[in-house]
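Enquirer: No sequence on hand, only this structure:
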């Protein structure tokens, strides 16, 4: 059980070549911009395809070059919080959160749909954004946007969460508050989580385990 990835991919200025396994923990991948951190997340999520290697979550093979397996991104059951949060500005907070589950088969069944919506409401309550449900993303703060994006990633009950520099879009005046909120939320995460950052302070604050990446290699 757990997460395993061995990824090789030719990039413009170097070859990304990493291998790692992890359990039920929050692992931080730290490195300078352009080191290959986001490419690792994109390969795990199925957005990009490695040139070689293998990726598995809970013994389920998501990608294997040798076995010719490449599960589509939407079927990998991975929650992904993008660096800019990727919220839909024309949709309410509630609709943004529910967007994460609307394509699930269970959502098409009346009883299952009710359970999924109740779980989404539970996640919004857990993250303290229920009072924002009818607001648009343009009307809420950066920290609140982050929590909306995190709720959307969590409502699918993913096997793995990927966080792409989740604090980089925040201004310095709000970071400390959001750090404290995330530390509290981290205690409720019961699944493997990979967070990437170039900020050493964030590594020290959040990592159960930390690895450093330089020009596509773990150092």
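Expert: Received, thanks. The shown structure was predicted, so the numbers you read here are calculated from the model rather than taken from an experiment. Numbers count the residues shown, from 1 in each chain.
Enquirer: so where's the protein uncertain?
Expert: Where the chain drops to pLDDT under 70, the residues are 1, 102-111.
Enquirer: Apply 90 and report the result again.
Expert: Confidence mapping of the chain against pLDDT under 90 gives the ranges 1, 33, 59, 74, 82-86, 98-128, 141-144, 146-147, 150-157, 166-191.
Enquirer: Which helix runs longest in it?
Expert: Identified as the longest helix of the chain according to DSSP state H is helix 110-126.
Enquirer: Show the subsequent helix or strand relative to that one.
Expert: helix 142-154 (DSSP states H and E).
Enquirer: now that next one against helix 110-126, angle please.
Expert: Interaxial angle, helix 142-154 versus helix 110-126 (axes from the mean of the first three to the mean of the last three CA atoms, to 10 degrees): 150 degrees.
Enquirer: Touching helix 142-154 from outside, list them.
Expert: Residues outside helix 142-154 that contact it (CB atoms under 8 Å, 6 or more residues apart in numbering): 79-82, 85-87, 93, 96-97, 99-100, 120, 123-124, 127-129, 132, 137, 140, 161, 166-167, 169-171, 174, 177-178, 181, 185. From N, CA and C alone the C-beta is placed, and that goes for glycine too.
Enquirer: cool, stretch 51-66 as well?
Expert: With contact meaning CB under 8 Å, 6+ apart, stretch 51-66 is reached by 1-10, 19, 43-44, 46, 49-50, 67, 69-71, 76-78, 159-160, 192.
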